[in-house]
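[1] Test case, fold it:
(chains A and B)
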Protein chains: 2
Amino acid sequence: MNFSLFLPIVLHISVFFIMQLVYNFVQETKLTKGRLYRENPNSKVLKVKEVSSFIDGLMGGSSVWCTGYNKTDRICKFRNLCYHPIYKEYIFFHGDKTVLDGIPQDRFSPALLDMSSIDDHNTQYFNFIDFPTSSLLNSFTNITVYDGVSFIFHRFNSENIMHVFHDDLLPLFHTMKQYTNGKTIEPLDLNSRVVFMEGWEQGPYFELYKLFSHSKPLLKQDIIKNNRLKCFQLAIVGISKFTTWYQYGFKIPQGPLPRIQITGGQMREFTSFIKERMGIYEPTDNTDVDYIVFFLRQHNRLIINEADITIAMAKKFNKRVVQVSMETHSLKQLIRIISKASALVGMHGSALVMSMFLPLGGVIVEMFPYAINPENYQPYKTLATLPGMNLIYTSWRNTIPENSVTHPYDPSEIGGIMHLSKEEQELITSTTEVPPHLCCSNSFWLYRIYQDTLVDKDSFLEVMGDAFHTRGELIAKGFSSKHNQRLHPSKVINVTCTGSSGTNGSNKPSLFVSWKKPINVKYFDTNIKYEVWIQKAENDDYMPYLLPFTEYLFTDGLEVNTHYRVWVRCIAGNVLGPFGVMTSCYT
Amino acid sequence: MNFSLFLPIVLHISVFFIMQLVYNFVQETKLTKGRLYRENPNSKVLKVKEVSSFIDGLMGGSSVWCTGYNKTDRICKFRNLCYHPIYKEYIFFHGDKTVLDGIPQDRFSPALLDMSSIDDHNTQYFNFIDFPTSSLLNSFTNITVYDGVSFIFHRFNSENIMHVFHDDLLPLFHTMKQYTNGKTIEPLDLNSRVVFMEGWEQGPYFELYKLFSHSKPLLKQDIIKNNRLKCFQLAIVGISKFTTWYQYGFKIPQGPLPRIQITGGQMREFTSFIKERMGIYEPTDNTDVDYIVFFLRQHNRLIINEADITIAMAKKFNKRVVQVSMETHSLKQLIRIISKASALVGMHGSALVMSMFLPLGGVIVEMFPYAINPENYQPYKTLATLPGMNLIYTSWRNTIPENSVTHPYDPSEIGGIMHLSKEEQELITSTTEVPPHLCCSNSFWLYRIYQDTLVDKDSFLEVMGDAFHTRGELIAKGFSSKHNQRLHPSKVINVTCTGSSGTNGSNKPSLFVSWKKPINVKYFDTNIKYEVWIQKAENDDYMPYLLPFTEYLFTDGLEVNTHYRVWVRCIAGNVLGPFGVMTSCYT
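    Reported below is the predicted structural model:
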């Protein structure tokens, strides 16, 4: 761009702004022949200097810094990323201040990054279109600016509470925490915006998404309205997969992810945030809680004898039983109730994700209809058993076919099988355990999971009793705060070596090596050993020793009048520390 | 950690703080039996809520998010990273809110990241030591907190202005820009701290480092003073290598880096920032400048006839010549003078890095003593010729041995050779071109580069005249704003395909394929072509076509009654765009 052209534009805009500033929240300004608008949900007026600074920035071009080694891991932070409401494409303006940092050679095969936390789902690909900044003056007459930081991604399934928490809210929490700078009191900067670009309506759980920003989350329909070019001053595009623990069976049958990173501590940081933002202030310890939450479904997958089971639980465990359901309770009520419960009982279903709100030592009993093997469906078991989560999970399954009511005449998506051939129907109804399958419309699975169940009291109470027993043990022993990450011992210090050509009157050369323990070693309760490497100065190979001491007189295989190099490191259990400073000595 | 223990600690601290708050800038509080101090260079008092929030955070543990695929690329952002003043080690507290994101499996081989912008210099390795948060209550009685964001790295050589700009300031600028969020007017958030941990004194160019923060940069000596544990609320550790353009010959002879990413536009954003922060407001265009800056050295590598050359330049080019030197002018004076010059002339040396402040179209003439081949020493040529830098670089070398004065009796680091054997001395003095060599103490190089030179007027003025001629051409043609990054054409749109079993009465099957141009194609001045792939539905291979049109009737090798799939993409010059949406049709 041309510098002499540049200054007058900025000045022109500034002057224009001073006039508009006092009576206009959504502001306009001329961009040569175009206009600049500013969306302002908080009704804070942009200062003149800020506006001219934005134009300045935009004319200098967009910039991007990406992190992550591939599409799956990548998250990109953009300055001045724009969105074209008609072409429905992201626009990157190349200008003389443009920075492209961390962009792979070929960002089109197949995409720059995943827009949702689900790995490589092909409807979730992100890319941008290159434009020169010169096109700004000629082609884009109206621009709306979103100032500050915007987190932009795709919700994966906003209709299902398990998906909402697992795919969207926890990943958003982690991503915002990672990108929040400065001195905020909250773990997140709630002054950021959140923008959902998958194209859906708000959905039934929008109140949860709203907790992540002081301003209302924006939908794609907000971004494309009125056909103006929309520009984000700072946009974090994509979302972290750090917190996800489950894959839904798109490529292989569903199950826990191979590498789970989230810990119970992080999960409870998240649930505390949700509760605080919803205005729920309940203790997270387990002192004055003594009731069971019985999570019931209203429409399908019913428990036929729910009243009997309620009474039986109350009697057997001598606790109140609180019946709840998604249809009869608000999210806030549910979270408040679960936060103080000692147990949560319910049929397999997305609502059980809310067991993350159980206090430490909470029990989860997940029920499965006939012919469903709990081993193959573990989203809530995995959640409950995250390291440091301190919940007790157990499952009960109906093994008595007579206690089950199937619905072959229902629509196929809730278990009906009338659309299938007689042979297929026959095969499905005669199969006594649903074989492993992919998502999302396996008829064996749908037929069985939508059965209603008469829960066998004795076997159920036994399973639940065992879980309460485990709970008692856990409370007695104290909650663990285990982490996924193993601690490493640090360097050994003050490594010294004294060589001698002969010791104790004998003629044997020796090395006396001593060192001090790593400074963090006292915090390890594992077995501490030290590895010592001794190497002749001119050689490549070395003699390794494993010792439980911090000093030792070496004599084996040493030669007289020889330079030796010595390295020492600590091994705690099977975790290696780094080598301390190399020492050398002479026999 | 134990939740029930936790709450009382926070409250205790809050209460203590209310009492202290009114009369204390550096605050203290008890951490059970210890104390919390807060460094506050801006004398802004921490709010009670902020302090308890910090303790809260620290007791939850440290966290880290690293970006980059290997030690060279990696930068890590920490929450609650501490430094142990006695052990001189970074401490990472593992707690139940600890996040470790992007940490490699083995962070000890050899290190987590480079602390300076020089690739893999083994004195610049960073790592941290693991501690459990429980140790906080027992072992650390006094803690100082640095709130907000701190950028922590090692300066590489704070005594040399080339190193200061190239290794420290430009990388710091880029790193801070990358990590600055929100609505700041500056490209950087100057409320961040800058912390140099290499262990040196301020050095002669500290005033430049001070431009990057409203508070004075901290040195290692500030961090280790008074033996308290120091904790950084948010620390960016490591520094970007994005802006570096030169390697100094530690492993191979010095030269431009293989992959240079910084552009002239980014360089000028940096120089504008420096000037603005120093209070220098001069236009960056070339309209009213018409003098030559003659950069002189005072102590060695002298120009013997500097007065003659000054007069000769003034006469030949009809311009004022301003003599400057590092010793006689302040940095601010130098930058102000260079910012308005049409040319900068000087002997090879670190001061020439300041040619980055020349206005667009500025000329650099770099002089080399006898026996030094300019081709082997290109830090300033590389700088001047960065894409979009718009400077004119030329070099002049002394080819006349009689015009050179050597200093064999000087100390060896400034070219003396008396410490060498007679044969070595002989070899060095008789070599007429210094062979390629590694940094940093090659005697052939030092002997020759510290020569004084009587500059041959005619050959020098000719070289400089050519450069002024090129300058005239550049100004006439207009400055370029070239980028490193090539723009990609976007997707072709509205791809349609119509199949026919026979056309024009003949019996030949055909496909009529048409599409619309990518939306950004009008901004490419390269040759635009379209690649069309036609594939039989059941086949893996396809027929590719390259066309200059946006529609075509295909007949070659097509079969009747067959399904075909069609892909189209745009190629601008040799840059591929992504494929548009696949279409299919039937003959």
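[2] Show me where the stretch 251-400 of chain A has its helices.
    A:264-278, A:306-317, A:331-338, A:379-384 (DSSP state H, counting those that start in this stretch).
[3] Do me a favour and average the pLDDT over the shortest one.
    Meaning helix A:379-384. Confidence for helix A:379-384, expressed as mean pLDDT, is 98.
[4] which outside residues touch it?
    Helix A:379-384 has contacts (Cβ atoms under 8 Å, 6 or more residues apart in numbering or on different chains) with A:162, A:166, A:245-246, A:254, A:256, A:260, A:267, A:348, A:352-353, A:355-356, A:364, A:366, A:374, A:389, A:391-393, A:395. To be clear about C-beta, it is placed using only N, CA and C from the backbone, and glycine gets the same treatment.
[5] how about the nearest residue to A:N181 once chain neighbours are set aside, what does it touch?
    Among residues not flanking A:N181 along the chain, B:N181 sits closest, at 5.0 Å (Cβ to Cβ, 6 or more residues apart in numbering or on different chains). Neighbouring residues of B:N181 by Cβ under 8 Å, 6+ apart: A:149, A:179-182, A:189, A:234, B:189.
[6] Checking my notes, B:N181 in a strand, right?
    No: with DSSP: H, G, I helix; E, B strand; the rest coil as the criterion, B:N181 is located in coil rather than a strand.
[7] Find the nearest non-adjacent residue to the closest residue to chain B within the stretch 201-350 of chain A, please.
    For the stretch 201-350 of chain A and chain B, the shortest gap (Cβ to the nearest Cβ) falls at A:G265, measuring 2.8 Å. Leaving aside its chain neighbours, A:G265 sits nearest to B:D96 (2.8 Å; criterion: Cβ to Cβ, 6+ apart).
[8] Just give me the neighbour total for that neighbour.
    B:D96 has 25 neighbours, counted by other Cβ atoms under 10 Å in any protein chain shown.
[9] surely it meets B:S62?
    No: the pair B:D96 and B:S62 fails to qualify as a contact (Cβ atoms under 8 Å) at a distance of 11.8 Å.
[10] Would you agree A:L446 is in contact with A:P411?
    No: A:L446 lies out of contact with A:P411 (Cβ under 8 Å); the separation is 9.8 Å.
[11] residues in contact with A:M267?
    So A:M267 contacts A:170, A:356, A:383, A:386, A:389 (Cβ under 8 Å, 6+ apart).
[12] Just the buried ones from these, in ChimeraX syntax?
    To isolate the buried members of the contacts of A:M267 in ChimeraX, using 16 or more other Cβ atoms under 10 Å in any protein chain shown:
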select /A:170,356,383,386,389
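[13] just the contacts of A:M267 now: which is nearest chain B?
    Nearest to chain B among the contacts of A:M267, counting by Cβ to the nearest Cβ, is A:M389 at 10.5 Å.
[14] Quick check: phi and psi at that closest one.
    As for A:M389, its main-chain torsions (degrees, to the nearest 10) stand at phi -80, psi -30.
[15] Setting the sequence-adjacent residues aside, check what's closest to it.
    Nearest non-adjacent residue to A:M389, counting by Cβ to Cβ, 6+ apart: A:G264, 3.4 Å away.
[16] how deep is the one you found tucked in, by neighbour count?
    24.
[17] Okay, helices next: where are they in chain A?
    For chain A, the helices defined by DSSP state H cover A:3-20, A:48-60, A:134-139, A:161-163, A:170-179, A:206-209, A:220-224, A:264-278, A:306-317, A:331-338, A:379-384, A:422-430, A:443-449, A:457-477.
[18] Show me what the longest one is packed against.
    Meaning helix A:457-477. helix A:306-317, strand A:343-347, strand A:363-368, strand A:392-397 (3 or more Cβ pairs under 8 Å, 6 or more residues apart in numbering or on different chains; DSSP states H and E).
[19] which stretch among the ones you listed comes nearest A:P217?
    Among the helices and strands packed on helix A:457-477, strand A:343-347 comes nearest to A:P217, with 28.7 Å by Cβ to Cβ.
[20] Quick one: work out the angle between the closest one and helix A:306-317.
    Put simply, strand A:343-347 runs at 150 degrees to helix A:306-317, going by axes from the mean of the first three to the mean of the last three Cα atoms, to 10 degrees.
[21] for strand A:343-347, the distance to its chain's centre please.
    Counting by Cα atoms, centre = their mean, to the nearest Å, strand A:343-347 is centred 24 Å from the centre of its parent chain.
[22] Determine the set of other helices and strands touching it.
    Applying 3+ Cβ pairs under 8 Å, 6+ apart, one finds that strand A:343-347 contacts strand A:291-295, strand A:363-368, helix A:457-477.
[23] in the stretch 301-450 of chain A, what residue is nearest chain B?
    Here the stretch 301-450 of chain A gets closest to chain B at one residue, A:G388, 6.1 Å apart by Cβ to the nearest Cβ.
[24] ok, the contacts of B:N181 vs A:L218, which is closest?
    Looking at the contacts of B:N181 and their distance to A:L218, the nearest is A:V149, at 12.9 Å (Cβ to Cβ).
[25] Extract the residue ranges of chain A that are flagged as low pLDDT.
    A:1-56, A:137-141, A:182-185, A:282-289, A:481-485, A:503-506 (pLDDT under 70).
[26] now the lengthiest strand in it and helix A:170-179, what's the angle there?
    Determined from DSSP state E, the single longest strand within chain A is strand A:142-153. For strand A:142-153 and helix A:170-179, the angle between their directions (the same axes, to 10 degrees) works out to 110 degrees.
[27] Show me what strand A:142-153 pairs with in its sheet, parallel or antiparallel.
    Using DSSP bridges, strand A:142-153 pairs in its sheet with strand A:34-38 (parallel), strand A:193-196 (parallel), strand A:229-237 (parallel).
[28] how much space between the closest residue to chain B within the stretch 51-200 of chain A and A:G102?
    As assessed by Cβ to the nearest Cβ, chain B sits closest to A:D96 within the stretch 51-200 of chain A, at 2.7 Å. Using Cβ to Cβ, to the nearest Å, we find A:D96 at a distance of 20 Å from A:G102.
[29] With A:Y523 instead?
    Between A:Y523 and A:G102 the distance, using Cβ to Cβ, works out to 36 Å.
[30] And for A:P578?
    28 Å.
[31] And for A:S240?
    Distance of A:S240 to A:G102, computed by Cβ to Cβ: 16 Å.
[32] out of these two, which sits in the busier spot?
    Using other Cβ under 10 Å, the more surrounded residue of A:S240 and A:G102 is A:S240, with 26 against 21.
[33] ok, the more buried one - contacts?
    Applying Cβ under 8 Å, 6+ apart, the residues near A:S240 are A:75, A:117, A:171, A:174-175, A:178, B:101.
[34] ok, 10 Å please
    A:68, A:73, A:75, A:117, A:153, A:170-179, A:261, B:65, B:99, B:101 (Cβ atoms under 10 Å, 6 or more residues apart in numbering or on different chains).
[35] rewinding a little: just say which of the helices and strands packed on strand A:343-347 is most tucked in.
    Most buried of these, by mean neighbour count (mean count of other Cβ atoms under 10 Å in any protein chain shown): strand A:363-368, with a mean of 25.
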